[in-house]
Structure formats: C-alpha cells, structure tokens
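K.L.:
Mind looking at a prediction? Sequence and model below.
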Amino acid sequence: PDKKHLYMIPCCTPQHFAFKWLVNKYKRTNKEIKNEEVLLKFTLSTIYYSTYGDEWVNRSNWLTTEEECTWHGIICSEDNVIVALNLSNNNLVGRISREIRLLKSLKEVDLSNNELKGIAEEIALLPNMEALWLYGNAFEDDISERFYGLMHKTYSGFIISNIPVTE
C-alpha cells in the first residue's frame, strides 16, 4: 500500500485507520507483501478499528506483522486459510464493517456476548458460512428477520441473537 491511496479513504473511519496502520506497519519493514495479504490485513484491521479493538479483553497479536492465524480468535485450516472467527466475550463495541464480506472462506463466526450495535448484512452472504452466533449483543434493530431472509436458503441451521432458526 502507498500513502496516495490513503487520501481516497474518508478520514477518521475504521477503513482510514486500517489503511493508515498498513502503510505505517509495512513501510518500516522491507518485507514484501502480496496483494491478497494486504486485503486480508486491511479487512481484519478494519474489523478491529470498527469494534474499538484497543478496548478488547484479548487482542493478542492483532495489528502485528505476525501471521493472522496467530491473532486471537482467528482459527485457520491446515493450509492457513481463515475458516472461523471467535471473538465472543471480548468487549467488541460498535459495528462489524462490510469488509467482513472479503473473508470468503469463513465457515463459523462467533461474536456473541459483546456490545455490538450492528453488523453488515454481507456476513449473511459468505459462501461457506455454516454457523453464526450473535446473541448477547446490543443491536439497535432486530437483525433476526433481516438475516433470516438473506440466509434461509443457504443455511440448514444457525443462531442469530437468541433465536434458533432452521428451515
């Protein structure tokens, strides 16, 4: 990433802070970074910033140059592909940003028991999603009906808020 693109992102958004972090983190190293890795780190750091990551209970390895599979709550397959995100009970506040849609290999997401106010609908469209736990949050609107409409054709069973939903 280079700084000229930073000016295309609106100031003071999670995306702005994520891109700024990427630029600053990698300009100090001579490490070559692939486009896929930039996109992955941007996506994860946007989630971090949109949920006040500095206030998380456990943020081990987040926003470091360590492999993402070592970051707290990220579960990877044997070939280092992110397949699950478990940030339950971790004091996430705010909204899960739309960038989560870029984590196409996700099968399970557990964001339960936090203080989330909202979540991007795009999470419901992830092609490999099998389980989604969102209960115990402070959503500002009833997401269960909205998500059910997006997900019911794809999922055989999942939990949204405190409501189990099955076909």
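P.N.:
Looks like it came in fine.
K.L.:
give me the number of residues near Tyr49?
P.N.:
Per other C-beta atoms under 10 Å, the neighbour tally for Tyr49 reads 22. Heads up, the C-betas are built off the backbone N, CA and C, glycines and all.
K.L.:
contacting residues around it?
P.N.:
Pro14, Gln15, Phe17, Ala18, Trp21 (C-beta atoms under 8 Å, 6 or more residues apart in numbering).
K.L.:
Which pLDDT value goes with the third one?
P.N.:
Yep, that's Phe17 we're talking about. Listed pLDDT for Phe17 reads 80.
K.L.:
what does the last one give?
P.N.:
Per-residue confidence for Trp21 comes out at a pLDDT of 78.
K.L.:
re earlier: possible to save the contacts of Tyr49 as TSV with neighbour count?
P.N.:
Below are the contacts of Tyr49 laid out as TSV (neighbours: other C-beta atoms under 10 Å):
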residue	neighbour count
Pro14	21
Gln15	19
Phe17	19
Ala18	24
Trp21	18
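K.L.:
Relative to Trp133, which of these is nearest.
P.N.:
Sorting those by how near they are to Trp133, with C-beta to C-beta, puts Pro14 at the top with 22.1 Å.
K.L.:
where does that closest one land on pLDDT?
P.N.:
82.
K.L.:
please begin residue numbering at 18 from this point
P.N.:
Got it, first residue is 18 now, which makes that one Pro31.
K.L.:
tell me the strands in this structure, going along the chain?
P.N.:
91-93, 99-103, 110-113, 125-127, 132-136, 148-150, 174-177, 180-183 (DSSP state E).
K.L.:
Of all the ones you listed, which one comes closest to Thr68?
P.N.:
That would be strand 110-113 among the strands of the chain, by C-beta to C-beta, at 4.8 Å.
K.L.:
now the angle between strand 99-103 and the lengthiest helix in the chain, please.
P.N.:
Identified as the longest helix of the chain according to DSSP state H is helix 52-67. On the basis of axes from the mean of the first three to the mean of the last three C-alpha atoms, to 10 degrees, helix 52-67 is oriented at 10 degrees to strand 99-103.
K.L.:
what is the orientation angle of helix 52-67 with strand 132-136?
P.N.:
Going by the same axes, to 10 degrees, helix 52-67 makes 130 degrees with strand 132-136.
K.L.:
Report the residue spans of the chain with pLDDT below the cut-off.
P.N.:
Applying pLDDT under 70 to the chain picks out residues 18-27, 43, 45-50, 159-184.
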